[in-house]
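Trainee: Here is a sequence together with a model predicted from it:
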Amino acid sequence: MTDINKNHTNDVASPCIRNCCLNEEDVCLGCFRHVDEICEWGSATNERRNDILKDSRQRKDIHDEKWSS
């Protein structure tokens, strides 16, 4: 039986860069996760964390494209 509280070395690392500032859509401009995703992170499976990272990268790309012009 596996201990679900045990830290695993293959856990997906948090993208937090300690530059937290939420925009008007409650998205952090440091890591581009939505506040709900930030709250969920600690209990999320690695599969869910990878989904969150994918979504946050898409948000960052959209942000960068908007502000680079």
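Mentor: On my side now, so go ahead. Residues are numbered from 1 along each chain as shown.

Trainee: can we go C-alpha only for contacts and neighbour counts from here?
Mentor: Fine.

Trainee: Might you report the residue contacts of W41?
Mentor: Going by C-alpha atoms under 8 Å, 6 or more residues apart in numbering, W41 touches S14, R49.

Trainee: Can you read off the pLDDT for it?
Mentor: Taken from the predicted model, the pLDDT recorded for W41 is 97.

Trainee: pLDDT weak spots in this structure?
Mentor: Residue ranges of the chain with pLDDT under 70: 1-9.

Trainee: and stretch 38-57, how far out from the chain's middle?
Mentor: Using C-alpha atoms, centre = their mean, to the nearest Å, the distance from the centre of stretch 38-57 to the centre of the chain it belongs to is 5 Å.

Trainee: Over to stretch 55-69?
Mentor: Once both centres are worked out by C-alpha atoms, centre = their mean, stretch 55-69 turns out to sit 14 Å from its chain's centre.

Trainee: And stretch 31-47, by the same measure?
Mentor: 5 Å.

Trainee: longest helix anywhere in the chain?
Mentor: Longest helix in the chain by number of residues (criterion: DSSP state H): helix 46-68.

Trainee: And that one, what's buried?
Mentor: By neighbour count on 16 or more other C-alpha atoms under 10 Å, the buried set for helix 46-68 is R49, I52, L53, D55, S56, R59, K60.

Trainee: same check, this time on stretch 21-41
Mentor: Judged by neighbour count (16+ other C-alpha under 10 Å), stretch 21-41 contains these buried residues: L22, V27, C28, L29, C31, F32, R33, H34, E37, I38, W41.
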